[in-house]
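Engineer: Mind folding the following:
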Amino acid sequence: MEINDLVNLIANVGFPVATSAYLLIRLEKQIIGLTTSINKLNIIISTKLGVVIDTSDDNKVA
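Structural biologist: Below is the predicted model of the structure:
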């Protein structure tokens with residue numbers, strides 16, 4: 001493999017991988033915040049309706 005092939009491989013594959021990883025890391029905080037908000041809203045609505053819900057965190061995002 002020549003140096004040009006290696007540079008071409010990094011340019012074609014490395015940038016998309018780095019961009020995807022960066023976006024996933026940046027969006028992780030927002031996804032966790034949205035999950036928390038949805039769980040709180042679920043508790044509030046079920047309390048208002050008088051419905052018993054399971055509040056266990058089996059599907060909790062780490």
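Engineer: Give me the residue at the spatial middle of the protein.
Structural biologist: Within the chain, the residue whose C-alpha comes closest to the C-alpha centroid is Glu28; the distance, by C-alpha atoms, centre = their mean, is 4.2 Å.
Engineer: for it, what are its contacts?
Structural biologist: Listed by C-beta atoms under 8 Å, 6 or more residues apart in numbering, Glu28 has no contact partners. For glycine as for every other residue, the C-beta is placed from the backbone atoms N, C-alpha and C.
Engineer: Which strand or helix spans it?
Structural biologist: helix 15-49 (DSSP states H and E).
Engineer: just how off-centre is that helix within its chain?
Structural biologist: 6 Å (C-alpha atoms, centre = their mean, to the nearest Å).
Engineer: swap in stretch 2-21?
Structural biologist: What separates the centre of stretch 2-21 from the centre of its chain is 24 Å, taken as C-alpha atoms, centre = their mean.
Engineer: Can you show me the CA trace of that stretch as PDB?
Structural biologist: What follows is the C-alpha trace of stretch 2-21 in PDB, where atoms were taken according to Å, rounded to 0.1, in the frame of the first residue of the first chain:
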ATOM      1  CA  GLU A   2       1.400   3.300  -1.000                       C
ATOM      2  CA  ILE A   3       1.200   6.500   1.000                       C
ATOM      3  CA  ASN A   4      -1.300   8.000  -1.400                       C
ATOM      4  CA  ASP A   5      -3.600   5.000  -0.900                       C
ATOM      5  CA  LEU A   6      -3.300   5.400   2.900                       C
ATOM      6  CA  VAL A   7      -4.000   9.200   2.800                       C
ATOM      7  CA  ASN A   8      -7.000   8.500   0.500                       C
ATOM      8  CA  LEU A   9      -8.400   5.900   2.900                       C
ATOM      9  CA  ILE A  10      -8.100   8.200   5.900                       C
ATOM     10  CA  ALA A  11      -9.700  11.000   4.000                       C
ATOM     11  CA  ASN A  12     -12.600   8.900   2.800                       C
ATOM     12  CA  VAL A  13     -13.300   6.900   5.900                       C
ATOM     13  CA  GLY A  14     -11.700   8.800   8.800                       C
ATOM     14  CA  PHE A  15     -13.600  12.100   8.400                       C
ATOM     15  CA  PRO A  16     -17.100  10.600   8.400                       C
ATOM     16  CA  VAL A  17     -16.200   8.400  11.400                       C
ATOM     17  CA  ALA A  18     -14.800  11.300  13.300                       C
ATOM     18  CA  THR A  19     -17.800  13.500  12.500                       C
ATOM     19  CA  SER A  20     -20.300  10.800  13.500                       C
ATOM     20  CA  ALA A  21     -18.500  10.300  16.800                       C
END
